[in-house]
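# please work out how this folds:
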Amino acid sequence: MQGLNIRRWSTPLIIGAGIFVAITGLFMFFIAENPVKFAHELVGITFSVAIVLHILSNWRPFKRYFSQRGAISIIALAWLVGISLVTTSVLRDNEEPEELIVNHIEQTPIVLLAPVVGMDVSELVDQLSDDGFAVDNPEMSIEQLAHQHNADTDDILLSVFR
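Model prediction:
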């Protein structure tokens with residue numbers, strides 16, 4: 001029985017998986033993450049396994065790269081860029097865009113929020129009062145109103161946007 005020839009199938013697997021991971025990665029970056037994320041991650045794992053098998057089956061040529069200054073520089077640069085991107089992602093504020101928007105709305109004075117929801121200031125103040133959130137001053141924010149009534153800002157926002 002002839003041994004399993006890893007080289008014969010690991011290279012085509014790397015090519016196929018690599019192209020798939022590249023395309024789905026671009027799709028996730030520029031268009032939308034959710035539809036392809038699971039497939040991207042799963043094929044990425046397959047890609048990683050194929051790379052390891054490819055390296056093992058081509059060990060001698062692989063080792064030679066580490067005796068060439070240019071190759072070492074390119075490998076080091078790729079690692080530095082990758083590590084810096086991971087570090088930047090970890091240190092960055094990972095707040096979702098929806099959370100940022102809601103936080104800004106919560107800090108917006110009621111007088112400025114009323115036209116956004118298609119109401120006069122007096123209409124919004126009356127609506128909030130009817131829902132149990134009496135407004136002393138329309139210059140106060142949703143956050144301040146929630147604090148005044150010992151309420152959750154989400155409850156007040158539900159009243160505003162109903």
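# give me the neighbour count for Val160.
Summarising burial for Val160: neighbours were counted as other C-beta atoms under 10 Å, giving 22. The C-beta positions use only the backbone N, C-alpha and C, and glycine is treated the same way.
# er, Ser159 actually
19.
# also Gly132?
The tally of other residues near Gly132 (other C-beta under 10 Å) stands at 11.
# got it, and the one 3 residues further on?
Here the neighbour count serves as a burial measure; for Val135 (other C-beta under 10 Å) it reads 21.
# over to Asp155?
The number of residues near Asp155, taken as other C-beta under 10 Å, comes to 14.
# and it, what's its pLDDT?
If you check Asp155, the pLDDT there is 91.
# and it, what does it touch?
Going by C-beta atoms under 8 Å, 6 or more residues apart in numbering, Asp155 touches Ala146.
# output the contacting helices and strands for the helix or strand of the chain with the lowest mean pLDDT.
Ranking every helix and strand in the chain by mean pLDDT, DSSP states H and E puts helix 97-106 at the bottom, with a mean of 84. If you count contacts as 3 or more C-beta pairs under 8 Å, 6 or more residues apart in numbering; DSSP states H and E, helix 97-106 packs onto helix 142-148, helix 153-160.
# hmm, 7 Å instead?
Where contact means 3 or more C-beta pairs under 7 Å, 6 or more residues apart in numbering; DSSP states H and E, helix 97-106 is packed against helix 142-148.
# could you pull up the mean pLDDT of the helix it packs on?
93.
# now for that helix, which elements pack on it?
helix 97-106, helix 153-160.
# mind running it again at 8 Å?
helix 97-106, helix 110-116, helix 153-160.
# nearest to Phe30, of those?
helix 97-106 (15.7 Å; C-beta to C-beta).
# okay, buried residues for the closest one please.
Using 16 or more other C-beta atoms under 10 Å as the test for burial, helix 97-106 gives 105-106.
# what's in contact with the helix or strand where Ile72 lies?
Following DSSP states H and E, one finds Ile72 within helix 69-91. Under the contact criterion C-beta under 8 Å, 6+ apart, helix 69-91 has outside partners 65-66.
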